[in-house]
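> Next input, structure requested:
(4 chains)
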There are 2 protein chains.
Amino acid sequence: MKNSSSRQRDTTVADVAKAAQVSKAQAARALGNYGAVSDDVRERVLAAAEELNYRPNELARTMNTGKSNTIGVVVGDIENPHFGLAMRGISDTAKAAGFDVILINTGEDHVAEVDAVRVLLEKRVDGLIVAPASSAEYEHLRRVHDAGRPLVLFDRKAPGLDVPVVAADMTPVARESTAYLIESGHRQIAFISTLEFEGPYRHGMGLASSQIAERIDGMNQALREAGLDPCEELVRLNAGDADSIKAIARELLLMPEPATALIASDGLVALSVVEAVQELGLRIPHDVSFLMYDDFPWTKLTTPPLTVISQPVYDIGASAADALIRLIRQPGKVIELPVFQATLKHRGSVGAPVSQRKRKRESAAAAS
Amino acid sequence: MKNSSSRQRDTTVADVAKAAQVSKAQAARALGNYGAVSDDVRERVLAAAEELNYRPNELARTMNTGKSNTIGVVVGDIENPHFGLAMRGISDTAKAAGFDVILINTGEDHVAEVDAVRVLLEKRVDGLIVAPASSAEYEHLRRVHDAGRPLVLFDRKAPGLDVPVVAADMTPVARESTAYLIESGHRQIAFISTLEFEGPYRHGMGLASSQIAERIDGMNQALREAGLDPCEELVRLNAGDADSIKAIARELLLMPEPATALIASDGLVALSVVEAVQELGLRIPHDVSFLMYDDFPWTKLTTPPLTVISQPVYDIGASAADALIRLIRQPGKVIELPVFQATLKHRGSVGAPVSQRKRKRESAAAAS
DNA sequence: CTTACGATTGAGACCGGACTCACATGGGGT
DNA sequence: ACCCCATGTGAGTCCGGTCTCAATCGTAAG
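This is a model prediction of the structure:
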């Protein structure tokens, strides 16, 4: 129908105005639905717009209103279903409020993240939701704030940055699940995370990721409440890539006093840990108990299905979007955020440790 | 340091020009690195820009160059690791060529997809990569083309739309893997896909998704080559959501002449199919063999690990980006695309069917 | 029959860059 | 000494909208 080549210059308000025989200003008013326009003019303009297939140039509009009706999202790893689900929460909420969402994936690379933030700022998004790769370096995030763009952090806090953070409080569930492991008889409970940190874990040191800090804190709480001493050697940070995670898991399972329960700090770590366990020929939960963060669909397919800690990820995403939009609409107003809780989902990967089994058998024999 | 409130008006070329005591035009030239500028002026301008922390307004630039140095990507389901990985291929390639990438997720919803395309067009991206949810409705894609923006399709063709498509050729691997199943003794081989279609599968009808069409074609080829008759009842489209997929899997396994091998058309379908098999108390591969498309990490964790068909997803993404960029740089030029092949990865989920086992046992007994 | 006031309307500035055009300036060639 | 052309430079236009402002119109009030 139309010339399919590239020249197809877009029709502008001026074109529409000419066709409708009115001034550019009037056409713009009718199209933009502002100011006073007589019914006669409005009708003619809209008809002309329809006829010419007029599409407003959003860029031009953004340029002199300063608003783009778009929010930008920066995540580290879109391959991680955790972020995928959160993204849906964000999208749905934003869409309902009339905002478009554009996403940039950084592959957990700090440089890429800085770049992503710059790009989104340049495109004049109205606000940003960022799941920062590193909570240590956040100069680029401060820039967002300085540029007067609302910012909401997702999943991780940036200490020293006064910005709303939407995340589940992981301490209670970490405590609960550790207590459950202790109750099952475990004493050597290991925690594995890819969180990067200079040097090995020590109690009391400030961790860059509040999420991980809470998971460890809750664990330590439960241990102390049970009269046990949290062991620094059993908390392994800097787990790195898949091979490195597997090496760490092997190490934990083959030590003189091996870990009898492993906790994976997220679904990606879990993948490698389970693989390592299987490669060692150990069975879950008979030889070693396993617990993981992130309720991914595949966790139900292993034998046995895995006991997981589940967060309301979709809701958290939705809430982040909601907070951001409120911030965009009422700048400066202090907003309050709902607190989210994670829950422990008992499936089949936690059991009594081998030594415990022996003890039970012995006491049963003694009783009979 | 700076006033942290929102007023912080951005510094513009005009500001820089004033500070450097030159005309706006000269400042713009020095900043934009075009035209003729004396060393003296350039120096002063750059110094002033640095001093004032000048950041070009990308929107304004885009508005009168028509180029945004950004490519837009529209995918149906970013939660699907398949797209996540492809996205990385796209990002890496685009970044290397100096393009930014923005992504919009549609949740496989056609309306959302139309919207996404509109938004990206409005933001004046230089080109689009789209994995269309439905190959049947592509009016919005035609609009991209009409607007003179390069477009590359990912994973799925849109028949009747003259646009480059980057995807692996699934026919050979479908044929190979089906042949493998046949060789293992299977005669009742079922295929399950969520592809939406009016009515059940019939031979020879045009499927909206070329990916699925190829998978089925390859399968039928292998069957015919083995002298078997492709059975329409064993190809199940419209599998729908998780529950629906499970119901279909159950049906296939409980028919009078049940399927002895199941093929899941993608990793998401696979999740539900395996779950259904497990819930029926059937064991893979003893009671039923299983084969799936998509080599997801979790497929190695099940017992037994699953035999999968793997595509070079990252490379396909990279190639799509590469094709799009070539199209952006040389409009109109016909580009040729590499052909990608998928490969069958033997793991442990395919074995001889039960009946076959019996037959083997019997013949072994007869021979002894 | 004036006057006044709200509704309409058009001209034009403006957002922040890119780019055109006319006008210096000056060194090289003859 | 004179012409030519490359290099520098500033004024101003344009992109496609939004928005201000002053002028115009109609009509109800005085």
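> separation between the residue of the stretch 101-250 of chain A at minimum distance from DNA strand D and chain B?
For the stretch 101-250 of chain A and DNA strand D, the shortest gap (C-beta to the nearest atom of the strand) falls at residue A:124, measuring 12.5 Å. In this view, the C-beta of every residue, glycine as well, is placed from N, C-alpha and C. Distance of residue A:124 to chain B, computed by C-beta to the nearest C-beta, to the nearest Å: 6 Å.
> Could you do residue A:344 as well?
Distance of residue A:344 to chain B, computed by C-beta to the nearest C-beta: 21 Å.
> for that residue, what are its contacts?
With contact taken as C-beta atoms under 8 Å, 6 or more residues apart in numbering or on different chains, residue A:344 is in contact with A:173, A:176-177, A:180, A:307-310.
> what's the neighbour count on residue A:331?
For residue A:331, the neighbour count with other C-beta atoms under 10 Å in any protein chain shown is 13.
> That one in helix, strand or coil?
Following DSSP: H, G, I helix; E, B strand; the rest coil, the label given to residue A:331 is coil.
> Then residue A:41?
Secondary structure, three-state DSSP: residue A:41 is helix.
> Need the max-distance pair from the contacts of residue A:344.
Across the contacts of residue A:344, no pair lies farther apart than A:180 and A:310, at 14.4 Å, counting by C-beta to C-beta.
> Can you add pLDDT and neighbour count and give the contacts of residue A:344 back as a markdown table?
Shown next, in a markdown table, are these (pLDDT from 0 to 100; neighbours: other C-beta atoms under 10 Å in any protein chain shown):
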| residue | pLDDT | neighbour count |
| --- | --- | --- |
| A:173 | 97 | 21 |
| A:176 | 97 | 17 |
| A:177 | 97 | 29 |
| A:180 | 97 | 18 |
| A:307 | 97 | 23 |
| A:308 | 97 | 26 |
| A:309 | 97 | 24 |
| A:310 | 97 | 16 |
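> Narrow those to those in helices?
Judged by DSSP state H, helices contain the following of the contacts of residue A:344: A:173, A:176-177, A:180.
> ok, the helix or strand containing residue A:326 near chain B or not?
For residue A:326, the host element (DSSP states H and E) is helix A:313-329. No - judged by C-beta under 8 Å from any C-beta of the partner chain, helix A:313-329 stays clear of chain B, getting no closer than 10.5 Å.
> now swap in stretch A:268-284 and tell me
Yes - contact of stretch A:268-284 with chain B (C-beta under 8 Å from any C-beta) involves A:271, A:274-275, A:278.
> Quick check: of these, which lies closest to residue B:199?
residue A:271 (39.3 Å).
> List the buried residues for the strand or helix carrying the closest one?
Secondary-structure assignment from DSSP H and E places residue A:271 in helix A:267-279. Residues A:267-278 are the ones in helix A:267-279 that count as buried (16 or more other C-beta atoms under 10 Å in any protein chain shown).
> picking that back up, would you quantify the distance from the residue of the stretch 101-250 of chain A closest to DNA strand D to residue B:119?
Going from residue A:124 to residue B:119 by C-beta to C-beta, to the nearest Å gives 14 Å.
> near DNA strand D, which residues of chain A?
Within chain A, the residues that sit near DNA strand D (C-beta under 7 Å from any atom of the strand) are A:9-10, A:12-14, A:24-25, A:28-29, A:31-32, A:34-35, A:54-57, A:60-61, A:63-65.
> what subset of the residues you listed is also close to chain B?
Residues of the residues of chain A next to DNA strand D in contact with chain B (C-beta under 8 Å from any C-beta): A:10, A:55-57, A:60, A:63.
> could you dump those residues to TSV with pLDDT and distance to residue B:333?
Shown next, in TSV, are these (pLDDT from 0 to 100; distance: C-beta to C-beta, whole Å):
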residue	pLDDT	distance to residue B:333
A:10	80	24
A:55	88	27
A:56	90	31
A:57	91	28
A:60	92	30
A:63	90	33
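> Report the buried members of those residues.
Burial of those was assessed by neighbour count (16+ other C-beta under 10 Å); the buried members are residue A:63.
> next SSE after whatever helix or strand residue A:113 lives in?
In the assignment (DSSP H and E), residue A:113 maps to helix A:110-122. In the C-terminal direction, the helix or strand that comes right after helix A:110-122 (DSSP H and E) is strand A:127-130.
> residue boundaries of the strands in the stretch 101-250 of chain A?
With DSSP state E, counting those that start in this stretch applied, the stretch 101-250 of chain A shows strands at A:127-130, A:151-154, A:165-166, A:168-169, A:189-192, A:235-236, listed in chain order.
> quick one on the thing from earlier: of the residues of stretch A:268-284 next to chain B, just say which sits nearest to residue B:239.
Proximity of the residues of stretch A:268-284 next to chain B to residue B:239 was ranked by C-beta to C-beta; the top entry is residue A:271 with 25.6 Å.
> How about the contacts made by that closest one?
Each residue near residue A:271 by C-beta under 8 Å, 6+ apart is listed here: A:242, B:297-298, B:301.
> Quick check: of these, which has the highest neighbour count?
Of all those, the highest neighbour tally under other C-beta under 10 Å goes to residue B:298, namely 24 neighbours.
> Contact partners for it?
Neighbouring residues of residue B:298 by C-beta under 8 Å, 6+ apart: A:271, A:296, A:298, A:301.
> so how far is DNA strand D from the closest residue to the second one other than its chain neighbours?
Nearest-residue entry for residue A:296: residue A:267, 4.6 Å, with adjacent residues in sequence omitted and distances by C-beta to C-beta, 6 or more residues apart in numbering or on different chains. The spacing between residue A:267 and DNA strand D, counted by C-beta to the nearest atom of the strand, to the nearest Å, is 45 Å.
> pretty sure residue A:267 is touching residue A:292, no?
Yes - taking contacts as C-beta atoms under 8 Å, residue A:267 lies within contact range of residue A:292: 6.6 Å.
> any shared contact partners between the two?
Listed as contacting both residue A:267 and residue A:292 by C-beta under 8 Å, 6+ apart are residue A:299.
> Check what pLDDT the closest residue to residue A:245 other than its chain neighbours gets.
Excluding its sequence neighbours, the residue lying closest to residue A:245 (C-beta to C-beta, 6+ apart) is residue A:272, at 3.8 Å. At residue A:272, the pLDDT value in this model is 96.
> Run through the residues that contact residue A:272.
Residue A:272 touches A:242-243, A:245-246, A:249, counting by C-beta under 8 Å, 6+ apart.
> In ChimeraX, how would I select just the buried ones from the residues you listed?
Under the burial definition 16+ other C-beta under 10 Å, those of the contacts of residue A:272 that qualify are selected in ChimeraX by:
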select /A:242,245,246,249
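> Out of the contacts of residue A:272, the closest to chain B would be?
Compare each of these with chain B using C-beta to the nearest C-beta and the shortest gap goes to residue A:242, at 8.2 Å.
> how close does that closest one sit to residue A:107?
Per C-beta to C-beta, residue A:242 is found 15 Å from residue A:107.
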